[in-house]
Each structure stands twice: as C-alpha cells, then as structure tokens.
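Chemist: 3D model of this:
(chains A, B and C)
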Amino acid sequence: MRTSLLVAGFGGQGIMMIGKLIGECVFEEGINVTFLPFYGPEQRGGTASCTVIQSDKPIGSPVSEELDVLCVMNQPSLEKFLGRIKQGGVLITNSSLVDIHSVERKDIKIIEVDADRLAYQIGSKKIANIIIFAAYMAIAKTVPIEKVKAIALTKLGKKPELVPMNRAAFDAGVQIAIASQC
Amino acid sequence: MEKIYTRPNALNKSVSGYCPGCMHSTITKITAQVIDELGIGERTVCVLPVGCGTLGALYWNLDMVISAHGRAPAVATGVKRVSPDSVVFTYQGDGDLASIGLSEIMHAANRGENYTVLFINNSIYGMTGGQMAPTTLVGQKTTTTPGGRNPDTDGFPMKMAELIAQLTSPVYVARFAVNTPAYINKAKEGIRKAFQNQLDGKGFSLVEILSNCPTTWGMSPIDTLSYINDNTLAEFPLGVFKDREEEQS
Amino acid sequence: MEQIFMKGCEAIAETAIRAGCRFFAGYPITPQNEMPEYMSRALPRVGGTFVQGESEVASVNMVYGAAAAGTLAMTSSSSPGISLKSEGISHLAGARLPSLIVNVMRAGPGMGTIQPAQNDYFQASKASGHGGFRTITFVPGTLQEAVDLTYLAFEYAVRDHNPVILAPDGFIGAIMEPVTLPDFKEIPETPDWAAIGYGKRGHINLIKSGGATEAEQQEINESAAKLYERWTREDVMVEAYHTEDAEYVFAAYGTSGRICKSAVDELRDRGIKAGLIRPITISPFPYNAFKNLDDTRVKYIIDVEMAIPAQMIEDVKMGVEGKIPIETVLSSGGNIIRTSDIIQKTEALVKEG
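Modeler: This next block holds a predicted model:
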C-alpha cells in the first residue's frame, strides 16, 4: 500500500510543518515515509508545497503524479493540483481562503476546514496549519489519534504558553474531520 | 668570543634566490629574528602566498602552508582555528593581498582572526614580470601601464593599512619601510608587536612594509632606496593607523 | 540501532561530525543551507569550529588550512558555489589533503534554478577544478546511503590523503526519511605531516599543492595516477537490481536511481523484464557493470537522468562499448523524473520489439 499526499499553499502558511508533522507521526508508527519539500525562491508569499509518501514497502519516488490526498491552503494551489487527485481521492481545503464552487469533480471526497477563521477564534492565525494537520490525521487513521496528539504537542511545544492553543487547534481539526465523516 | 650576529634559526642555510637588492631578504631576515627572539619557531606556521613570497618555502625553517593566490588569510583562518596554540602568520605581496585576495584579507581582519599578517608592498607584480598592482603609483610605468598608471582608467593606489584600520576588529595596523637602517629597526619592532599581540590573544595585526623591486622597476638596488623616499613614501605615509593598546591607555 | 526521521542535509552534517569532522566552513546557497546552519549549532558542542566564510572561495581555502593543520574538515555548497570552490578543490587535490566537499546539486548551468537536479555529473566525476585530478565521488540514492557514504568518505579521505566529493542531488538534500546514524568516532591525534609548528618533530612540514621542479610535479602526478587506478580496481560501488535476466536495463543514479527501482518493480508486475544499474561511485565509474551485460539478452539500456543533455550517458557508452543501444528518459530544470515517463518509454520500446 502506497499513499501519496500533497500539501500546498503560500509560503508562510506553515505548509512544511504540516508535512513534517505527518511524516513524524507516520514514522513513529513504523511505516515507511518520505517528506519532500518544494520551495519557490521567496521566503514568504510564494508557492510552497510538500509531498508525503507512506508505504509498507521501501519508497522509490518521493513524489507522485497521482495523489490520494491533496491539502490546499490557498486558491492557486487548488487550481494547480486539483487534477492530480486520484478517482476516489480526498481533497482537504482551508475553506477560509479556498472556494470550491468551481470544482466539478464528483469522483473525490471534499472536506472543508475553516482553518484560518477557527485559528483566529482560538487565538492565533499561525495555528491554522495545526488544524489542517489534525484533520488529515483524523481522516487518514494510519496512526491512533491520541498518539498523533502526543507527538504533535511535543514537537510543537517549545514554548509552554503555546501548548493550550496548539491543543485547542488540534482538537478543532479532529472534530471537523469526525463531523465530515458522519 | 661572543657571537653578535648569526643566521636566525627560523631560516635555513639556503642561499637566497631573491633578486639582488630585493627587500624580501631584509624583511624575511628581521621576521626570522623576531621569531627567534620570541622563542616561537617550533610552534609557528607560515602561510605563504602566490608571488615572489612563495620562494620563502625554500628559506623558512618553519612549518609552512602554501596557499592559492590571495587566499592566505582564509588558509591561515583554517590553520589557526583548529590549532590555536600555533603561531600563525601570512606573508603576502600587494597583488596577492590587495588585488586577488582583497576579500579574504578584509574579512579575516573583520573577523579579528588572532594571527599576524605581513604585507609586503612593492607597488608591482614582481614574479609575473612587472605588471600594474593595485598599489602601483600614479604615473608609474609597468608592463601593463606602458604610459604610466592613469588614474582615470586604472584608479589610484590602494592604501590597505588605512582601509583595514577602518575596521573595528583589528588590534594593530601599521606601515613601515626598510630603505634605511633606522626604518629597518622600526619595522622589526612593528613585526614584533604584531606577533606579540597574537601571543597575547589580542587578535588581528597587520604590518605593511614598503618594499622595492629593482628588477621590474628597472633600477639599481641603490636607486630604489631614494625612489621609495621620494615617491612611495609620499603616497604611502608611514605610521601606526590603529593600535588598540594605545586607544585604551 | 535506532532510526530517526531526519532531513537530508542535517543527517549528512551530523554524520560528518560522527565521522570525526571538526571544521566546517561554508557560504549560504540554496538548497543546502541546512548544512552550515546545522554545523553552526552542532560543531561547537563537540569542540569543533564552524566559520561562515565571506565567499565560497574563502570557505574552501579555510578547509585547506584546517586540513593542512591535520583536522578533518569539510565544506558544502550547491552547483554555482562548487564552481567557485573548484580552485580550492584543485589545491586540496594537489596538496593531497583529506577533506570532504558536498555538492547538493541544483539545476544549471549558470544560475539555473534553486530546484534539485543532476546537472553537475561531469564536474563532480571528472573535473572539479583545473589540473586533471580525480576524487572519489559518491552519489547517494537514499538518505541512509548518503549517511553511510558520508561516513565512508572521511575514511577514504584519510586513507588516500585526498579530497572526497559527495554529490547528492537536491532531492536527497531536502528529503526527510528515516535514517540510522553511525557511532561517534574517536578523534585521532594530529597526524605527523600536519603543519602546526615543527615542535619536537625535528623536521619541518611544508604543505603545498605543486612541485618545486618539473620532475617533482611529474612524480606527484604519477603517484596520484596510481591512486586513481587503485580506486578503479578496489573502490567501485554499484547496485545491480534485477539485472540477472533483464532485457531492459536502466542506468540511473541518485534520486533517478531510486525512482527507476520503483519503475523496475512496476514493469516486472506487468511482465516486462526490467533491471537497474545504479552507480554509487561515479568516480571511479562502474564500467564493468555495463561491460558485463549480456548483449544477446539486453535489448536496451535506458539512461535516466535529471540533466539535459544527458551526462552520465558518456560513461555508460564507454562501458557498453557500442554493443547495446542506449535510449534516454530525461528531465531538468528542477523537474523530478516521472515514474510514468520511464514506464511509458520502456513499454514503447517493448512494443517496437
């Protein structure tokens, strides 16, 4: 079983953090995994994306033309990568910034996460990526969610004052994912 | 009988291959005397340049590293950083230090590397046959300035000691000459100070020494002495441009 | 041993420290900045030295100085920066100083792009500077291999008194995957040939990258040539994957190599007998792996590189000696080779018969 995930958005949205955290969690579960970032030349505002491949066999190509899951944090990324989702694949959007009305595909499952707005409500726009990450992990179910949470909070938790906010963001992402699957 | 003059231990017994009248011999000798007098020969590393100074490899009785053209300050940085107990000095000409190696010397000075730089400025490329150097005097004829250095197209002589003294890190920057016995004595004291600073862990010291090139200047050695007095010194004033010790006292 | 999930450049840097490297000088250039950044944090913790050089040129010459003083030293850069370092690499080879140069390859020529590529094959394998010297040049296919080869690189550098080049493509530098790191090596005493002051040694050491006479220079060249010849006999590293019965053999290294490996598996699932020859050293090059292919069985060699025009193909041709036709699947500019392109190309060749 090989699954491919692409996360894309603006540089500065924490795209790489999403991919790396997924990679860390999957790695801790003993699954073969690669994380490959793709940066534009800009530090902020350009396009950033990363690919996470998970497999029960050694991983050859660290990228994939066909995606099992696409996570998009902004509109240009949706337009750029939508066509690469496999039949039956999943699209996760940051619906605060991504409008899916133009999406005509009926062969994929779409999960909208109002990540930026939720992040503001929780207290920091910087944690939108944690919400998306949590939503993905809750949907993927490759790693028990409590384990994911423990790993994520450890990796994110260098400043103790941020822990409650990270925890709230994580829980919000999981709830949306559960609701979307009902 | 008391021995009052001898070959310094920091030099071997080879006969010098420097051209007759070349001041490299003088500068090499007084540097070797300083090394002997400070008793540091066995832990000294001389980082040699590309240029006439490379010939020092045949004469120094010291561990040596020959670097690529202009890179001696970078090479010396590597040596000194991994072997801080070694006494490290570079011995560079004006083409090496002020032209192709300008970046390396400025940044080594700016990092305040704890080593000693001896900068031998004779206003010309000697080894390659007398081409214009950054330090060539205005109007001076060289094989690449047959009409004399023209500041409109070739710029003006670069005053390295003054430039480096502008930086915050260096502890001692001075210019000396060796065209009179009195100047030689002063130059030797400057070199001693530049080594002592390193021994005391104070940081970067650069001593510029005005030199000659009878061969490519097209002069007898004796005429180069008055040429330096009349022309070189007018462009490159002698003096101490920076001395942190004095600033502090 | 315990696996950790680590980024390419950082794993290489950490391995270098474990292999005994105690001096690093480098200059910022994408995509390898994680290596100097990691070294600036990690080297001081083990009593080593990190210097951010003012240029690539200065950095490699700092390595020259540190190596001359007997410390294991390295620098890293990416393609345009390696061009600048080529002066220093030549001097390191001329002076026979143990050292490691890492080139995290990006697209070229010129500025190229900052994206990963394999455009520096010729430079890394044949001519990393003037004067006709060689290095052992490793091209890792996975992060674990990059780690293992970094460790080996320092052993070879010390063994041969010569610089070693590690040339991971930018994908290996950027990728995160699980790796097992080697143990920390003991730092050896300063070698007797090092220039640190003659001390009680009784003779001086002179580190130089040239001969004082024509005769001495020729001796230096001849001695180096003997070393290079020994490498071709003893140090060639190559992976042959399903080549025993293969009719279509890929020639690919680095990330292209690992992608071809997946392609081999997929083609075999479809009943096509594919195989892979993946050079791990490109200097010395595994000519024999190609020479020994049975030309009555192998129908095509397919050279797969992230470089246009292809570069390794020149060495493949020398190995094959004209006995098997060679086709290519190529990309460049930072575009990763697509598994589907490799499979389509192979299937098209199969159809042709």
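Chemist: all contacts plus neighbour counts: C-alpha atoms, from now on.
Modeler: Will do.
Chemist: mind listing the helices in chain B by residue range?
Modeler: Assigned by DSSP state H, chain B shows helices spanning B:24-38, B:72-82, B:94, B:102-111, B:151-154, B:160-165, B:181-199, B:214-217, B:221-227, B:233-235, B:244-248.
Chemist: what does chain A put close to chain B?
Modeler: Within chain A, no position is near chain B by C-alpha under 8 Å from any C-alpha of the partner chain.
Chemist: who touches the longest helix along chain A?
Modeler: The single longest helix within chain A, with elements called by DSSP H, is helix A:163-181. Identification of contacts with helix A:163-181 by C-alpha atoms under 8 Å, 6 or more residues apart in numbering or on different chains yields A:111, A:113, A:115, A:118-119, A:122-123, A:127-128, A:130-139, A:149, A:153, A:156-157.
Chemist: Inside helices: which ones of the residues you listed?
Modeler: Counting by DSSP H, these contribute A:115, A:118-119, A:122, A:128, A:130-139, A:149, A:153, A:156 to helices.
Chemist: These: which ones sit near chain C?
Modeler: Of the ones in helices among the contacts of helix A:163-181, not one also sits near chain C (C-alpha under 8 Å from any C-alpha).
Chemist: Can you select the buried ones from those residues in ChimeraX?
Modeler: The buried subset of those, as determined by 16 or more other C-alpha atoms under 10 Å in any protein chain shown, is captured in ChimeraX by this line:
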select /A:115,118,119,122,128,130,131,132,133,134,135,136,137,138,139,149,153,156
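Chemist: excluding its backbone neighbours, what's nearest C:F5?
Modeler: C:P178 (4.3 Å; C-alpha to C-alpha, 6 or more residues apart in numbering or on different chains).
Chemist: What ranges does the stretch 101-250 of chain C have for its strands?
Modeler: Here the stretch 101-250 of chain C has its strands, by DSSP state E, counting those that start in this stretch, at C:136-138, C:163-166, C:176-180, C:206-207, C:238-241, C:248-251.
Chemist: And chain A, by the same measure?
Modeler: Under the criterion DSSP state E, strands of chain A are mapped to A:2-10, A:32-39, A:47-55, A:67-72, A:85-94, A:109-113.
Chemist: Those: which one's closest to B:T77?
Modeler: Closest approach to B:T77 among the strands of chain A (C-alpha to C-alpha): strand A:32-39, 34.4 Å.
Chemist: Please list the residues outside that closest one that contact it.
Modeler: Residues outside strand A:32-39 that contact it (C-alpha under 8 Å, 6+ apart): A:11, A:16, A:19-20, A:23, A:26-27, A:47-59, A:62-63, C:115, C:171, C:174-178.
Chemist: Buried only: go through these for me.
Modeler: Neighbour counting over the contacts of strand A:32-39 (16+ other C-alpha under 10 Å) leaves A:11, A:16, A:19-20, A:23, A:26-27, A:47-55, A:59, A:62-63, C:115, C:171, C:174-178 as the buried ones.
Chemist: how many neighbours does C:R134 have?
Modeler: Residues near C:R134, counting by other C-alpha atoms under 10 Å in any protein chain shown, number 24.
Chemist: do the same with the one 4 residues further on
Modeler: Residue neighbour count, defined by other C-alpha under 10 Å, stands at 30 for C:F138.
Chemist: Contacts only, for it.
Modeler: C:149, C:165-168, C:280-283.
Chemist: Just give the nearest non-adjacent residue to the spatially most central residue of chain A, would you?
Modeler: Nearest to the geometric centre of chain A sits A:F133, at 4.3 Å (C-alpha atoms, centre = their mean). Spatial nearest neighbour of A:F133, chain neighbours left out: A:I18 (5.4 Å); criterion: C-alpha to C-alpha, 6+ apart.
Chemist: how far away is the one you found from chain C?
Modeler: Noted for A:I18: a distance of 13 Å to chain C, by C-alpha to the nearest C-alpha, to the nearest Å.
Chemist: which residues does that residue contact?
Modeler: Contact analysis of A:I18 by C-alpha under 8 Å, 6+ apart lists A:7, A:129-130, A:132-133.
Chemist: Closest to B:A165 out of these?
Modeler: Scanning those for proximity to B:A165, where the rule is C-alpha to C-alpha, the winner is A:N129, at 51.2 Å.
Chemist: what's the span of stretch A:155-173, first residue to last?
Modeler: End-to-end span of stretch A:155-173 (C-alpha to C-alpha, to the nearest Å): 17 Å.
Chemist: just stretch C:101-117 next, same as before
Modeler: OK, stretch C:101-117 end separation, C-alpha to C-alpha: 18 Å.
Chemist: Residues contacting that stretch, please?
Modeler: Identification of contacts with stretch C:101-117 by C-alpha under 8 Å, 6+ apart yields A:38, A:41, C:30-32, C:74-80, C:82, C:118-120, C:163-173, C:306-307, C:332-336.
Chemist: Also stretch B:212-230?
Modeler: Residues from elsewhere that reach stretch B:212-230, judged by C-alpha under 8 Å, 6+ apart: B:19-23, B:121-124, B:126, B:129-130, B:142, B:179-180, B:210.
Chemist: pLDDT of it, averaged?
Modeler: Averaging pLDDT along stretch B:212-230 gives 97.
Chemist: out of the helices of chain B, nearest to C:G129?
Modeler: Of all these, helix B:72-82 sits nearest to C:G129, with 18.0 Å by C-alpha to C-alpha.
Chemist: do that closest one and chain C meet at all?
Modeler: Yes - judged by C-alpha under 8 Å from any C-alpha, helix B:72-82 comes into contact with chain C through B:74-82.
Chemist: Stretch B:34-48 now?
Modeler: Yes - using C-alpha under 8 Å from any C-alpha, stretch B:34-48 reaches chain C at B:41-45.
Chemist: where does chain A come near chain C, residue by residue?
Modeler: Within chain A, the positions lying close to chain C (C-alpha under 8 Å from any C-alpha) are A:23-24, A:27, A:32-38, A:41, A:59-62, A:64-65.
Chemist: Could you do chain B as well?
Modeler: Proximity of chain B to chain C, by C-alpha under 8 Å from any C-alpha, involves residues B:41-45, B:57, B:61-68, B:71, B:74-83, B:86-87, B:103-104, B:107.
Chemist: can you pull the buried residues of stretch C:262-269?
Modeler: Neighbour-count burial for stretch C:262-269 [16+ other C-alpha under 10 Å]: C:262-267.
Chemist: Could you do stretch A:8-15 as well?
Modeler: Of all the residues in stretch A:8-15, those buried under the rule 16+ other C-alpha under 10 Å are A:8-11, A:13-15.
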